[in-house]
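> compute the structure for the input listed below.
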Amino acid sequence: MRETNTLSPQKRRSPSVRRCTDDDFEAILRIINEAAAAYAGVIPKDCWHVPYMPRHELEDEIAAGVVFRGVEADGALAAVMGSQDVLDVSLIRHAYVRPAVQSRGLGSALLRSLRRRTKRPVLVGTWRAAAWAIRFYERHGFRRVPDEQIDRLLSTYWAIPRRQVETSVVLADQRWRR
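Numbering: from 1, shown residues only. Next up, the predicted model:
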């Protein structure tokens, strides 16, 4: 009798996470802009634009120390997550999965990889209206910080426009909450 493995392909083998290189720049930009289309009609209209992230902004983020890691699916880079060490924390920056390959565990694999690589507390900022992103991080043990701390945290650790600060939330892992 032949033994069958009833685990899904994702549970049998965790996706392989790798550090992105300069050669991945175009793919990173494409993934961010393709996945960020989910924000259209959700975030404030004055914060939405096409492309969501212009080339020069991604160049600026990388120059400021954002390091991207990625996961491939179907032979191509399909998900990315940036991290940036700022002062005493690690920030999750620009975490996106191509819509065609969402729900395959790629974002979870990236998040696990980031958390294994740092001993610092991890913070993530996202749009207040991006309920799906908030749920993703909460499923992984992150908790929203109290509203009265959001402005201070975003102003201390991120360099984002004031309007984005006004419409964002911050989630923190258990290291930060200690």
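> all contacts plus neighbour counts: C-alpha atoms, from now on.
Will do.
> who's in contact with the helix or strand encompassing Arg30?
According to DSSP states H and E, Arg30 maps onto helix 25-35. Applying Cα atoms under 8 Å, 6 or more residues apart in numbering, the external contacts of helix 25-35 come out as 51-53, 55, 58, 77-80, 94-99.
> so how do I select the buried members of these in ChimeraX?
The following ChimeraX line selects those of those that are buried, judged by 16 or more other Cα atoms under 10 Å:
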select :52,53,58,77,78,79,80,94,95,96,97,98
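> quick one, the helix or strand following the helix holding Arg30 and helix 25-35 angle?
Of the helices and strands lying after helix 25-35 in sequence (DSSP H and E), the nearest is helix 55-63. Helix 55-63 runs at 110 degrees relative to helix 25-35, counting by axes from the mean of the first three to the mean of the last three Cα atoms, to 10 degrees.
> what segments of the protein are helices?
For the chain, the helices defined by DSSP state H occupy 9-12, 25-35, 55-63, 106-117, 131-139, 147-157, 162-166, 174-177.
> closest to Arg18 out of the ones you listed?
Among these, the nearest to Arg18 by Cα to Cα is helix 106-117 (9.0 Å).
> and the closest one, what's buried?
106-111, 113-114.
> cool, and stretch 165-178?
Neighbour-count burial for stretch 165-178 flags 165, 168-173, 176 (criterion: 16+ other Cα under 10 Å).
> isn't Ala130 right next to Ile43, touching?
Yes - in this structure, Ala130 is within contact of Ile43 by Cα atoms under 8 Å, at 7.4 Å.
> look up how far Ala36 lies from the residue lying closest to Ala40 once chain neighbours are set aside.
With sequence-adjacent residues excluded and distances taken as Cα to Cα, 6 or more residues apart in numbering, Ala40 is closest to Trp48, at 6.4 Å. Trp48 is 10 Å from Ala36, where distance means Cα to Cα, to the nearest Å.
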